[in-house]
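For reference, the sequence and a predicted model appear below.
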Amino acid sequence: MTDPDAHRQQAFADHVLPEIEVLLRVAFSLTSQPADAEDLVQETLLRAYRAVDRFDGQHPRAWLLTIMRRTAFNRHRRRRPRLLDDPDTDLERLTPHPDSPSATPEDLVVGRTFEEVVDTAFWALSLRDRQVVRLVHIDGLSYAETAELLGVPAGTVMSRLHRARKRIRDELSAAGMGPQRGDR
């Protein structure tokens, strides 16, 4: 007779552990806070461990992202809004400044202006559009994975992404950093 705990540990190692890096990236895109992302991943892993016996082994990433989405939703619903958080603080810390010795020629030419225009356009997007841009372009998820995570059809992901890209392009054009309306 086989040990059920050993089977659970093996299934967890086979299906869940290889997806931790993706879970961390997605969790950060959902929370925008490293500590919150780690907490979300930890809670997701705990729930996955408890449920791994019932998992059929098909599409572990989608299964885990669904657990994460539901966990994030539940956590968000229980929390009060954090009014003092400043999402720009982390972005400024991570952005290389054109004055730094490691700045590339592109940084010197485009520099802060380009980043400011893109950043302003990104934050002007609706939350739903920002999530799609972040999941697809920053976290590298496919349309299908993004759709599964957000609980919407893939066509909705593509539509939101198209709309968000257009708005960002329009802002760049208005700032003189992209094709003008007549050039397209």
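Nice, I can see it. Residues are numbered from 1 along each chain as shown.

What are the structural domain limits within this protein?
4-78, 97-178 (automatic domain parsing).

next one: the lengthiest helix in the chain to chain centre, how far?
Criterion DSSP state H: the longest helix present in the chain is helix 154-174. Taking C-alpha atoms, centre = their mean, to the nearest Å, one finds the center of helix 154-174 at 16 Å from the center of the full chain.

Okay, buried residues for that helix please.
If you call a residue buried by 16 or more other C-beta atoms under 10 Å, then helix 154-174 has these buried ones: Thr156, Val157, Arg160, Leu161, Ala164, Arg167, Ile168, Glu171, Leu172, Ser173. (Glycine included, C-beta is placed from N, CA and C.)

just to revisit the earlier point, okay, the domains of the chain in TSV with mean pLDDT next?
Compiled in TSV, the domains of the chain are given as follows (pLDDT from 0 to 100):
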stretch	mean pLDDT
domain 4-78	86
domain 97-178	79
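
and Ala48, what helix or strand is that in?
Assigned by DSSP states H and E, Ala48 falls within helix 34-51.

In PDB, please show the C-alpha coordinates belonging to the following helix or strand past that helix.
Sequence-wise, the next helix or strand downstream of helix 34-51 (DSSP H and E) is helix 60-78. Extracted C-alpha coordinates of helix 60-78, given in PDB (Å, rounded to 0.1, in the frame of the first residue of the first chain):
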ATOM      1  CA  PRO A  60      -1.100  22.800 -13.900                       C
ATOM      2  CA  ARG A  61      -0.300  26.500 -14.700                       C
ATOM      3  CA  ALA A  62      -4.000  27.300 -15.400                       C
ATOM      4  CA  TRP A  63      -5.000  25.400 -12.300                       C
ATOM      5  CA  LEU A  64      -2.600  27.300 -10.100                       C
ATOM      6  CA  LEU A  65      -3.400  30.700 -11.700                       C
ATOM      7  CA  THR A  66      -7.100  30.000 -11.000                       C
ATOM      8  CA  ILE A  67      -6.300  29.300  -7.400                       C
ATOM      9  CA  MET A  68      -4.200  32.500  -7.300                       C
ATOM     10  CA  ARG A  69      -7.000  34.600  -8.900                       C
ATOM     11  CA  ARG A  70      -9.600  33.400  -6.400                       C
ATOM     12  CA  THR A  71      -7.200  33.800  -3.500                       C
ATOM     13  CA  ALA A  72      -6.300  37.400  -4.600                       C
ATOM     14  CA  PHE A  73     -10.000  38.200  -5.000                       C
ATOM     15  CA  ASN A  74     -10.800  36.900  -1.500                       C
ATOM     16  CA  ARG A  75      -7.800  38.800   0.000                       C
ATOM     17  CA  HIS A  76      -8.700  42.000  -1.800                       C
ATOM     18  CA  ARG A  77     -12.300  41.700  -0.600                       C
ATOM     19  CA  ARG A  78     -11.300  41.300   3.000                       C
END
